[in-house]
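J.: Just the structure for this:
(one chain, ligands or ions: 1)
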Amino acid sequence: MRVDGRGAGGWDELLAAESNLVAPGVEWRTELYRIAVAQFIRAADILGLEQEVRERLLEPRRSLVVNFPVRRDDGRVESFTGYRVQHTLTMGPMKGGMRYGPDVSLGECAALAMWMTLKCALLGLPFGGAKGGVRCDPTSLSEGELERLTRRYASELFPIIGPDRDIAAPDMATGEREMAWFMDTYSQQVGHAVPEIVTGKPPVLGGTEGRDVATGLGVVFCLEDALRGRGEQVDGLRVAIQGLGNVGAVIARELADRGAVVVAVSDVTCGVVDDNGLPIPDVLEWIAEHQFLRGFRGAREVDRQAVVETPCDVLIPAALERQITDANAARLDCRLVVEAANGPTTPEADRILAERGIDVIPDVLANAGGVTVSYFEWVQDQQKYSWQGEEIVARLRLQLSDAFARVHAARERHGTDWRNAAQAEAITRVADASRLRTIYP
Ligand code: NAD
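T.: Predicted coordinates for the structure are as follows:
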């Protein structure tokens, strides 16, 4: 399908400006997918990637949409829509998180699945990318309702998942609890325990040491590598963090422990700032007790969006996608952005930040610690053998530093920015595999 200038909303114009190659299927045409495609095409262009491979990688290989009923606590039955998108089957089993949220859509999952493919390729993991989720407001569901929703969603995905086909993991609004329900549902169906159907599960069910902190720790490792290249260190660094969930809370704690001055944090309810550094243990304790940041009295409360523009050395978006856009990129007051969230920066904002000399360490590198330790978990489950926590952290460090060094080299080689270099490095690996496997039949 060629870009032909049709369509409104700037989609075709942007793609045409990026390249005159392909436009993806209308089914997953959303703003987030536009971003994923625009980033991909930029990297494909510097590689001179042939059209045939581009077309194969620009469209997800398999997408499943399910509508299913869940009984609410008051006896009513409500229908929910769930998705699972598998981006490529070329690299091995598919691997990717599952999220719950009101905006979850096919296009969002397609974009996130493509980034998962690139992330796994960049880290040298034997997986293709997948992503899934259920459109719902998880905060309005009781624990029992969430369990029924998770179990039904898992059984709806049965035709396309399996420990050697597609392995789920936590993402926004899901964690160890949901992974345990998912694993149990799958295991009940096949008649024996299959821990390797999900990663990020509780250690007692075959989860690994360190998975709960892996994504956040990986972000910190990448930041340390980036700082080393600039002759800087974490101690004394002024940091602002958007989002304090699975990922952001670990980053805040790890950076504060390493001597960083965390000047601003936010969650969905508000932001808090303190120029002298926030008391991170108190902030996290408040959230653990009250679920949200609002009401925390140990610092000045601000609008949640203000945190992104707070003066600092390093801004870490760790909440959700499309937070740094052409509307606020000119007002960012930092020297470096490290993307803990997936897709937090739009291509338009990337251009503005590049003009302003603000480097962006991209999501596919910075938050790859999660899937890397998920891979370790899957390997341990397959081997029926557990590694020690220190070994896992040491392996994670090695694997991320190796990827960081390769992206650094690609950046020099291609004379480009960090995102483009990381994507080019990843696409090269997937494209090589696609060419070698050729096309069946
Ligand atoms: P989570 O649901 O645990 O936490 C999200 C946090 O963001 C919460 O604190 C929430 O209140 C906050 N938030 C939501 N909307 C906000 C807004 N508009 N402004 C400020 N804060 C807001 O999710 P998570 O698992 O920590 O994931 C965060 C990001 O990291 C997502 O982009 C996810 O895809 C990505 N990621 C997660 C993992 C993982 O292992 N969980 C791995 C790789 C990437």
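J.: Give me the three-state assignment for whatever residue of the stretch 1-150 of the chain ends up closest to the ligand.
T.: For the stretch 1-150 of the chain and the ligand, the shortest gap (Cβ to the nearest ligand atom) falls at G97, measuring 6.1 Å. (C-beta placed from N, C-alpha, C; glycine too.) Under DSSP: H, G, I helix; E, B strand; the rest coil, G97 falls in the strand class.
J.: Just give the number of residues close to the closest residue to it other than its chain neighbours.
T.: In this structure, G97 finds its nearest non-sequential neighbour in D171, 3.0 Å apart by Cβ to Cβ, 6 or more residues apart in numbering. The tally of other residues near D171 (other Cβ atoms under 10 Å) stands at 26.
J.: what about the residue of the stretch 1-150 of the chain closest to the ligand, distance to K131?
T.: Distance, G97 to K131, using Cβ to Cβ, to the nearest Å: 6 Å.
J.: what touches both of these two?
T.: L112, M116, D171 (Cβ atoms under 8 Å, 6 or more residues apart in numbering).
J.: which of these lies closest to G415?
T.: Nearest to G415, judged by Cβ to Cβ, of the shared contacts of G97 and K131 is M116 at 27.5 Å.
J.: which ones are touching that closest one?
T.: By Cβ under 8 Å, 6+ apart, the residues touching M116 are H87, K95, G96, G97, F127, G128, G129, A130, K131, V371.
J.: Which of these fall within helices?
T.: Members of those lying in helices (criterion: DSSP state H): V371.
J.: Tabulate the contacts of M116 in JSON lines, adding columns for pLDDT and distance to E289.
T.: As requested, the contacts of M116 are exported to JSON lines (pLDDT from 0 to 100; distance: Cβ to Cβ, whole Å):
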{"residue": "H87", "pLDDT": "98", "distance to E289": "39"}
{"residue": "K95", "pLDDT": "98", "distance to E289": "34"}
{"residue": "G96", "pLDDT": "98", "distance to E289": "32"}
{"residue": "G97", "pLDDT": "98", "distance to E289": "27"}
{"residue": "F127", "pLDDT": "98", "distance to E289": "37"}
{"residue": "G128", "pLDDT": "98", "distance to E289": "40"}
{"residue": "G129", "pLDDT": "98", "distance to E289": "36"}
{"residue": "A130", "pLDDT": "98", "distance to E289": "35"}
{"residue": "K131", "pLDDT": "98", "distance to E289": "32"}
{"residue": "V371", "pLDDT": "97", "distance to E289": "31"}
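J.: In a markdown table: the contacts of M116, plus neighbour count and distance to A180.
T.: Listed next are these as a markdown table, based on neighbours: other Cβ atoms under 10 Å; distance: Cβ to Cβ, whole Å:
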| residue | neighbour count | distance to A180 |
| --- | --- | --- |
| H87 | 32 | 26 |
| K95 | 28 | 18 |
| G96 | 31 | 18 |
| G97 | 26 | 15 |
| F127 | 24 | 22 |
| G128 | 26 | 25 |
| G129 | 28 | 24 |
| A130 | 33 | 20 |
| K131 | 31 | 20 |
| V371 | 25 | 19 |
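J.: and which of the contacts of M116 is nearest I439?
T.: For those, the minimum distance to I439 (Cβ to Cβ) is 16.0 Å, reached by G128.
J.: Could you point out the bridge partners of the closest one in the sheet?
T.: Bridge pairing for G128 (DSSP bridges) gives the partners M94.
J.: For it, give me its contacts.
T.: With contact taken as Cβ under 8 Å, 6+ apart, G128 is in contact with 61, 86-95, 116-117, 120.
J.: Return the members of those residues classed as buried.
T.: For these, a neighbour count by 16 or more other Cβ atoms under 10 Å gives the buried set as R61, Q86, H87, T88, T90, M91, P93, M94, K95, M116, T117, C120.
J.: Which members of those residues occur in strands, if any?
T.: When the buried ones among the contacts of G128 are checked against strands (DSSP state E), the matches are Q86, M94, K95.
J.: beta partners for the first one?
T.: Beta-bridge pairing for Q86 (DSSP bridges): R62, A130.
J.: Dump the ones in strands among the buried ones among the contacts of G128 to JSON lines, plus distance to the ligand.
T.: Converted to JSON lines, those look like this (distance: Cβ to the nearest ligand atom, whole Å):
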{"residue": "Q86", "distance to the ligand": "17"}
{"residue": "M94", "distance to the ligand": "16"}
{"residue": "K95", "distance to the ligand": "11"}
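J.: For stretch 373-386, list the C-alpha coordinates in CSV.
T.: Extracted in CSV, the C-alpha atoms of stretch 373-386 (Å, rounded to 0.1, in the frame of the first residue of the first chain):
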residue,chain,number,x,y,z
VAL,A,373,14.9,-10.0,32.9
SER,A,374,11.7,-11.5,31.6
TYR,A,375,13.9,-13.4,29.2
PHE,A,376,16.0,-14.6,32.1
GLU,A,377,12.8,-15.7,33.9
TRP,A,378,11.6,-17.6,30.8
VAL,A,379,15.0,-19.3,30.5
GLN,A,380,14.9,-20.3,34.2
ASP,A,381,11.4,-21.6,33.9
GLN,A,382,12.4,-23.7,30.9
GLN,A,383,15.4,-25.1,32.8
LYS,A,384,13.5,-25.6,36.1
TYR,A,385,16.4,-23.9,37.7
SER,A,386,16.7,-20.5,39.6
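J.: Pull the residues that contact it.
T.: Stretch 373-386 has contacts (Cβ under 8 Å, 6+ apart) with 95, 120, 123, 125-127, 163, 167, 169, 195-196, 199-201, 206-211, 214, 387, 392, 395-396.
J.: surely A111 meets Y33?
T.: Yes: A111 is within contact range of Y33, at 4.5 Å (criterion: Cβ atoms under 8 Å).
J.: any idea how far the nearest residue to L118 once chain neighbours are set aside lies from A169?
T.: With sequence-adjacent residues excluded and distances taken as Cβ to Cβ, 6+ apart, L118 is closest to A426, at 3.9 Å. According to Cβ to Cβ, A426 and A169 sit 19 Å apart.
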